[in-house]
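S.K.: Just to be clear, the model below is a prediction. Sequence and coordinates:
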Amino acid sequence: QEEEDEKLSQECKELLLSLPREKGWRTSYLYKFKGFWCQPKQIQAILSFQTHFQVKDTDVIVASIPKSGTTWLKALVFAISNRDKHPILTSSKCPHDQNPQAHLQLSHPLLVSNPHDLVPFFEYKLYANTDGDQGLLDLSGLPDPRLFATHIPFGALQEPIKKSGCKIVYICRNPLDTFISSWVYTNKLMKEGGLPPLPLEEAFEMYCQGVVGFGPFWENMLGYWKESLERPEKVLFLKYEEMREDHEGLHLRKLANFLGCPFSLEEEKSGVLEGIAKLCSFEKLKDLEVNKSGSGAIMTFENKHLFRKGQVGDWVNYLSPSMVEKLATVMDDKLGGSGLEF
Ligand code: A3P
């Protein structure tokens, strides 16, 4: 951590001195920056992002708090937005039509790249290694719609993004499952880095206090929730649990409509929706070589950690009744009256 902090820009080091800090989950400290908890490296990346990024009305931003289903949503947004360039094979178009299973996609970027490489995060990838003007990527030549992602809460996004016509899709997940997913993931990264695990109880207390990357979780969720109610054309708010239960493709249609590329009748009939759902499914993505043995989709970590169980309600296997009661009280207290329910 000290080595990492040494590499930060002077501007970032000075800023950190003025920010409140708490012990982090994986790093020595999380700092409260623009109202949310963040690691030093990401603060530097966000400073650069907020100075240099030029938004376009055609941009699409996938947003979430970590471990809410971001990888899945990125895959869906990529597949839906790029289906003219990268067609989804359906059973009727598949060359192996003697095989009823044959609507398996044979070639598509999602089969060889992790969704985070196709829809990059501003703070983990695009602006991760920038210091001042050094190391900036030129994003202006990317084809439209440019697809990006962030965990930054809505309130902390820069004004040009809020005011532009760019669209934001937010995915939200039950905090009980998000907490367990975050804790298990953190401990996998700790193990990968040769560090001791973070005890469940300790992580839980921090989570309930709001001290978690890009949290408090309630503020991250409420910012996008409120904006989605006020400006539904700007922010589409999706819930992981509803998407998991949706076998009719309602969310795919909602997404495609929101992104301005609704499914045609012909696409509906030929099974494009089913093809996209299958291509982006947990089972399919988890089993791909790039996601089994690749690394670097999120920082330097192994991609396989991004796919664990993909279940709704797995918290029941980890949390004691008193923990559930405590988190339920926090949720009531912080989300009550907002209309956002789980
Ligand atoms: P679990 O840890 O509960 O299994 P994120 O992508 O925001 O990091 O969220 C990770 C969570 O989404 C993990 O949950 C992971 O297993 C699950 N996930 C990853 N890909 C998925 C997919 N295609 N469909 C459903 N869930 C997925």
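M.R.: Received, thanks. Numbers count the residues shown, from 1 in each chain.
S.K.: How about the backbone phi and psi for the residue nearest to the spatial centre of the chain?
M.R.: Nearest to the mean C-alpha position of the chain, counting by Cα atoms, centre = their mean, stands residue 70 at 2.9 Å. Torsion angles at residue 70 (phi, psi; degrees, to the nearest 10) stand at phi -60, psi -40.
S.K.: That one touches residue 171, doesn't it?
M.R.: Yes: applying Cβ atoms under 8 Å, one finds residue 70 in contact with residue 171, separated by 6.3 Å. Glycine gets a C-beta too; all of them are placed from N, C-alpha and C.
S.K.: just checking, next helix/strand downstream of whichever strand or helix holds residue 267?
M.R.: Assessed by DSSP states H and E, residue 267 sits inside helix 265-270. Elements were assigned by DSSP H and E; along the chain past helix 265-270, the next helix or strand is helix 272-279.
S.K.: now the strands for the stretch 51-200 of the chain?
M.R.: Assigned by DSSP state E, counting those that start in this stretch, the strands in the stretch 51-200 of the chain fall at 60-64, 147-150, 167-172.
S.K.: is it possible to export these to a markdown table including distance to residue 90 and mean pLDDT?
M.R.: Shown next, in a markdown table, are the strands of the stretch 51-200 of the chain (distance: least, Cβ to Cβ, whole Å; pLDDT from 0 to 100):
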| stretch | distance to residue 90 | mean pLDDT |
| --- | --- | --- |
| strand 60-64 | 24 | 98 |
| strand 147-150 | 23 | 98 |
| strand 167-172 | 24 | 98 |
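S.K.: Would you mind giving these as a markdown table with distance to residue 288 and mean neighbour count added?
M.R.: As requested, those are arranged in a markdown table below (distance: least, Cβ to Cβ, whole Å; neighbours: other Cβ atoms under 10 Å):
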| stretch | distance to residue 288 | mean neighbour count |
| --- | --- | --- |
| strand 60-64 | 20 | 25 |
| strand 147-150 | 19 | 24 |
| strand 167-172 | 21 | 24 |
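S.K.: closest to the ligand out of those strands?
M.R.: Relative to the ligand, the nearest member of the strands of the stretch 51-200 of the chain by Cβ to the nearest ligand atom is strand 60-64, separated by 5.6 Å.
S.K.: about what we covered before: OK, contacts around the closest residue in space to the residue nearest to the centre of the chain that isn't next to it in sequence?
M.R.: Spatial nearest neighbour of residue 70, excluding adjacent residues (Cβ to Cβ, 6 or more residues apart in numbering): residue 64 at 4.4 Å. Contact partners of residue 64, counting by Cβ atoms under 8 Å, 6 or more residues apart in numbering, are 70, 73, 149, 151, 170, 171, 172.
S.K.: same question, residue 338
M.R.: Remark: with contacts taken as Cβ under 8 Å, 6+ apart, residue 338 is in contact with 222, 225, 226.
S.K.: swap the cut-off to 7 Å and go again
M.R.: Residues in contact with residue 338 (Cβ atoms under 7 Å, 6 or more residues apart in numbering) are 222, 225.
S.K.: The one 4 residues further on too?
M.R.: Contacts were defined as Cβ under 7 Å, 6+ apart; by that measure residue 342 touches residue 174.
S.K.: ditto for residue 224
M.R.: Residues near residue 224 by Cβ under 7 Å, 6+ apart: 63, 154, 170, 235, 237.
S.K.: Mind telling me what element it is part of?
M.R.: Assigned by DSSP H and E, residue 224 belongs to helix 217-230.
S.K.: quick one on the thing from earlier: quick check: the farthest pair among the contacts of residue 64?
M.R.: By the measure Cβ to Cβ, 149 and 172 form the most distant pair in those, at 14.7 Å.
S.K.: and the gap between residue 335 and the ligand?
M.R.: Noted for residue 335: a distance of 19 Å to the ligand, by Cβ to the nearest ligand atom, to the nearest Å.
S.K.: so what pLDDT did the residue in the stretch 101-250 of the chain that the ligand sits nearest to get?
M.R.: Closest residue of the stretch 101-250 of the chain to the ligand, Cβ to the nearest ligand atom: residue 181 (3.3 Å). At residue 181, the pLDDT value in this model is 98.
S.K.: ok, now residue 199?
M.R.: So residue 199 comes in at 97 (pLDDT).
S.K.: Any idea how many residues pack against it?
M.R.: 11 (other Cβ atoms under 10 Å).
S.K.: swap in the one 4 residues further on?
M.R.: Each residue near residue 203 was counted by other Cβ under 10 Å, and the total is 21.
S.K.: where does the stretch 101-250 of the chain come near the ligand, residue by residue?
M.R.: For the stretch 101-250 of the chain, the residues found near the ligand under the criterion Cβ under 6 Å from any ligand atom are 177, 181, 184.
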